[in-house]
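# Got a predicted structure plus its sequence, pasted below:
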Amino acid sequence: QVQLVESGGGLVQPGGSLRLSCAASGFTLDRYAIGWFRQAPGKEREGVSCISSSGGNRYYADSVKGRFTISRDNVGWRVFLQMNSLRPEDTAAYYCHVKYRDLDFWGRGTQVTVSS
């Protein structure tokens with residue numbers, strides 16, 4: 001059974017940092033790309049970053065380039081999103097995603113709130 005569980009969200013001041021973690025189970029993590037998405041209230045879910053199965057290729061949305069870093073630990077069955085220089089507009093629920101056997105799997109999300 002494929003499962004993704006996000007953690008690490010919270011309340012942080014503008015300019016602060018958070019490290020999100022996505023714990024994966026039920027599939028062979030090192031064979032799949034993993035993505036991070038976010039959804040703010042009243043807005044559509046948007047892609048933030050993704051990382052290839054080996055970690056050799058990484059994609060970032062323009063809005064987070066230079067501030068966010070995605071990484072993975074295939075041995076530890078986790079994917080991370082280091083978020084620095086956070087801005088109020090980064091406030092959203094953050095989800096990790098995998099497409100496994102042509103099906104989309106999502107975690108339940110972790111809330112990130114950037115506010116003073």
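Sure thing, it's come through.
# Count the neighbours of the nearest residue to residue 30 once chain neighbours are set aside for me.
With CB to CB, 6 or more residues apart in numbering as the measure, residue 74 is the residue that lies nearest to residue 30, at 3.9 Å, once sequence neighbours are left out. Backbone N, C-alpha and C define where each C-beta goes, glycine included. For residue 74, the number of neighbouring residues by other CB atoms under 10 Å comes to 16.
# what do you get for the one 3 residues further on?
Here the count is done by other CB under 10 Å, and residue 77 has 16 residues near it.
# pLDDT wise, what is it at?
pLDDT recorded at residue 77 is 92.
# ok, back up a step: check contacts around the residue nearest to residue 30.
Shown here is residue 74, whose contacts under the criterion CB atoms under 8 Å, 6 or more residues apart in numbering are 29, 30, 55.
# Generate a ChimeraX selection restricted to the buried subset of these.
Applied in ChimeraX, the following selects the buried portion of those according to 16 or more other CB atoms under 10 Å:
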select :29,55
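# Any chance of a markdown table for the contacts of residue 74, columns secondary structure and pLDDT?
As requested, the contacts of residue 74 are exported to a markdown table (DSSP: H, G, I helix; E, B strand; the rest coil; pLDDT from 0 to 100):
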| residue | secondary structure | pLDDT |
| --- | --- | --- |
| 29 | helix | 88 |
| 30 | helix | 88 |
| 55 | coil | 89 |
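# Please identify which of the contacts of residue 74 is nearest to residue 16.
For the contacts of residue 74, the residue nearest residue 16 by CB to CB is residue 55; the value is 25.8 Å.
# The residue nearest to the spatial centre of the chain and residue 102: what is the separation?
The geometric centre of the chain, computed from its C-alpha atoms, lies nearest to residue 36 (CA atoms, centre = their mean), at 3.1 Å. Taking CB to CB, to the nearest Å as the criterion, residue 36 is separated from residue 102 by 21 Å.
# Alright, that wraps it up for me.
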